[in-house]
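A.B. asks: Okay, sequence plus prediction incoming.
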Amino acid sequence: MEEIKNYALINHIPIVRDRTACYLVNECSKLNPKKILEIGTAIGYSGLLMLNSCKGSLLTIEKDEKRVLEANKNFSKYNMSKRVCIKCGDALDELMVLYNDNQKFDFIFLDGPKGQYIKYFPILKKLLNKNGVLFADNVLMNGLVNNIDNVTHKNRAMVRNMKKFNTEILNDSEFKSTLYDLDDGFIVAEKIK
Ligand SMILES: C[S@@+](CC[C@H](N)C(=O)[O-])C[C@H]1O[C@@H](n2cnc3c(N)ncnc32)[C@H](O)[C@@H]1O
């Protein structure tokens, strides 16, 4: 796994940070989900962490074809290919396919485009089983979410969307959610209804 991490660092591929990864692994092993959904595969680093911490299967979505190839190689290298299905495409399109197919998941790792979390949330709610967990990474966006006045015009809509997502999930009565101010910020939300 260190090898994959170094490859990601050298090639400027963003992957889950160390402390967040510890919480991710911990949540995943506690729940031992049968089915995991991930938005944002990159090269499979977080996918492998989750697969190593439970016995379930992983459906992971990534739009970048080159990264999908790398992820496939990594899953195969660690003998995980049989437990993984990678969908190469835009997350919203792929999520709609899963929704229309009435698919359900026990654990969702949301780590895709940051401005889209708010758009994905209603669909993810439907895809998550009761007692399942939604783990959303980068929800503080390097502190920008709490400092919107200093955000450049170009990034303002993205940061506002993330702030809306945080408010919505933290106040949703179907979820028991905690926001962790560690690394780039993450929310662990258990679906209680
Ligand atoms: C932070 S990285 C994921 C890191 C990975 N979860 C890990 O920790 O190893 C986010 C990924 O989402 C992908 N992505 C961005 N926009 C997307 C979209 N609209 N649909 C699917 N994937 C997208 C990017 O190409 C990138 O690889």
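C.D. replies: That came through fine. Numbering: from 1, shown residues only.
A.B. asks: Name the helix or strand for the residue nearest to residue 117 when sequence neighbours are not counted, please.
C.D. replies: In space, and not counting its chain neighbours, residue 117 is closest to residue 165: 4.2 Å by C-beta to C-beta, 6 or more residues apart in numbering. For glycine as for every other residue, the C-beta is placed from the backbone atoms N, C-alpha and C. Using DSSP states H and E, residue 165 falls within helix 153-170.
A.B. asks: now that helix, how far from the chain's geometric center?
C.D. replies: Relative to its chain's centre, helix 153-170 lies at 16 Å (C-alpha atoms, centre = their mean, to the nearest Å).
A.B. asks: With stretch 77-86 instead?
C.D. replies: Mean-position distance between stretch 77-86 and its chain equals 18 Å (C-alpha atoms, centre = their mean).
A.B. asks: That one close to the ligand?
C.D. replies: No: applying C-beta under 6 Å from any ligand atom, one finds stretch 77-86 separated from the ligand by no less than 10.8 Å.
A.B. asks: buried ones in that stretch?
C.D. replies: By neighbour count with 16 or more other C-beta atoms under 10 Å, stretch 77-86 contains the buried residues 78, 80, 84, 86.
A.B. asks: Please list the residues outside it that contact it.
C.D. replies: Applying C-beta atoms under 8 Å, 6 or more residues apart in numbering, the external contacts of stretch 77-86 come out as 41, 44, 47-48, 51-52, 56-62, 68, 71-72, 75.
A.B. asks: can you list the residues of this protein near the ligand?
C.D. replies: Contact residues, the chain versus the ligand (C-beta under 6 Å from any ligand atom): 14-16, 40, 42, 45-46, 61-64, 67, 90-91, 111-113.
A.B. asks: Quick one: buried ones out of the residues you listed?
C.D. replies: 15-16, 40, 42, 45-46, 61-63, 67, 91, 111-113.
A.B. asks: before we move on, what SS does residue 27 have?
C.D. replies: Of the three states, residue 27 takes helix under DSSP: H, G, I helix; E, B strand; the rest coil.
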